[in-house]
Each structure stands twice: as structure tokens, then as C-alpha cells.
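Undergrad: Got a sequence here, can you build the structure:
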Amino acid sequence: MIDRDVIRCDRTHPYYSGDNNENLQRLKVLLMNYMMYDFDTGYVQGMTDLASPLIFIADGCVEKSFWFFAHVMDFTHSNFEMSQNTIKLQLDMLWKMIQFTDPDFAEYLAKN
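TA: Numbers count the residues shown, from 1 in each chain. Down below sits the predicted model:
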């Protein structure tokens with residue numbers, strides 16, 4: 001799954017474009033290591049979206065990016081649980097906010 005997601009990640013950004021891009025390999029290494037570091041969570045689709053800018057910010061340093069990512073995951077971990085309860089709760093809160101702030105748009109969304 002990591003292989004499949006990494007090759008699709010940010011391909012329009014120059015940092016990740018081109019064939020045999022070393023930065024994509026770094027991203028893969030970061031995610032593989034995190035999968036082993038937090039074996040209970042493993043890898044979940046969407047983690048590439050969090051890890052990819054960290055590799056860029058750390059100028060390709062996998063070690064630094066890994067620890068940035070591990071700390072980001074400390075406070076976003078619940079978004080990647082198999083139950084998806086946190087995501088469902090966040091979407092429910094968003095839905096209630098839309099209903100409250102823009103009832104016409106909420107009605108449009110409900111119909112479509």
C-alpha cells in the first residue's frame with residue numbers, strides 16, 4: 001500500500017516529479033520505518049499527505065522527517081484508527097456547523 005500511495009504523492013510538485021525520484025524513495029523509507037515504529041497503527045492511506053511536506057521541509061533528511069512525522073502523529077493518531085470514529089465525529093461537527101451557518105448550502109448538500 002505504501003508503494004502505491006508514494007508514487008501518487010505530490011507528483012506535480014518539482015520536489016517529487018520525475019522518474020526514479022530520490023525524494024519519493026525517502027518518503028517510502030520514512031513511512032516504512034513509521035509502520036514498524038507504530039506497528040499497531042501501521043500504515044494508513046493519507047499518511048503520505050502528512051509526511052510528504054515534512055521530507056521537503058527537512059531537505060530530504062529522513063531521520064529528521066521521521067521524528068517530525070512521529071510527533072505529528074502523536075496528535076493526529078486518532079484520525080488513522082480503523083474504526084474511523086474520530087473522522088466520523090469531525091465530519092458530524094462540520095455538518096452541524098454548515099447547517100447552522102449556511103442552511104441553504106446544507107440543504108443543497110443533503111439533496112446532492
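Undergrad: Please enumerate the helices of the chain.
TA: 2-6, 22-37, 47-57, 62-76, 85-101, 103-111 (DSSP state H).
Undergrad: buried stuff in the first one?
TA: So the one you mean is helix 2-6. In terms of neighbour count (16 or more other C-beta atoms under 10 Å), helix 2-6 has its buried residues at 2, 5-6. (Glycine included, C-beta is placed from N, CA and C.)
Undergrad: before we move on, the earlier item: of all the helices of the chain, which lies closest to T12?
TA: Closest of the helices of the chain to T12 is helix 47-57, at 11.8 Å (criterion: C-beta to C-beta).
Undergrad: Can you report how many residues neighbour the closest residue to I55 other than its chain neighbours?
TA: Among residues not flanking I55 along the chain, S65 sits closest, at 4.8 Å (C-beta to C-beta, 6 or more residues apart in numbering). Neighbour count for S65, taken as other C-beta atoms under 10 Å: 25.
Undergrad: Just the pLDDT for S65.
TA: We have a pLDDT of 96 for S65.
Undergrad: dump the residue contacts of it.
TA: 26, 30, 51, 54-55, 57-58 (C-beta atoms under 8 Å, 6 or more residues apart in numbering).
Undergrad: Where does pLDDT dip in the chain?
TA: Scanning the chain for pLDDT under 70 picks out 82.
Undergrad: Contacts only, for Q45.
TA: Contacts of Q45 by C-beta under 8 Å, 6+ apart are 1, 5.
Undergrad: ok, 10 Å please
TA: Residues in contact with Q45 (C-beta atoms under 10 Å, 6 or more residues apart in numbering) are 1-2, 4-5, 80.
Undergrad: One more: M36?
TA: Residues near M36 by C-beta under 10 Å, 6+ apart: 42-43.
Undergrad: Check the spacing between it and D19 real quick.
TA: In this structure, M36 and D19 are 27 Å apart, going by C-beta to C-beta, to the nearest Å.
Undergrad: Over to D49?
TA: From D49 over to D19 (counting by C-beta to C-beta), the distance is 22 Å.
Undergrad: Those two - which one has more neighbours?
TA: Using other C-beta under 10 Å as the criterion, D49 and D19 rank with D49 on top: 11 against 5.
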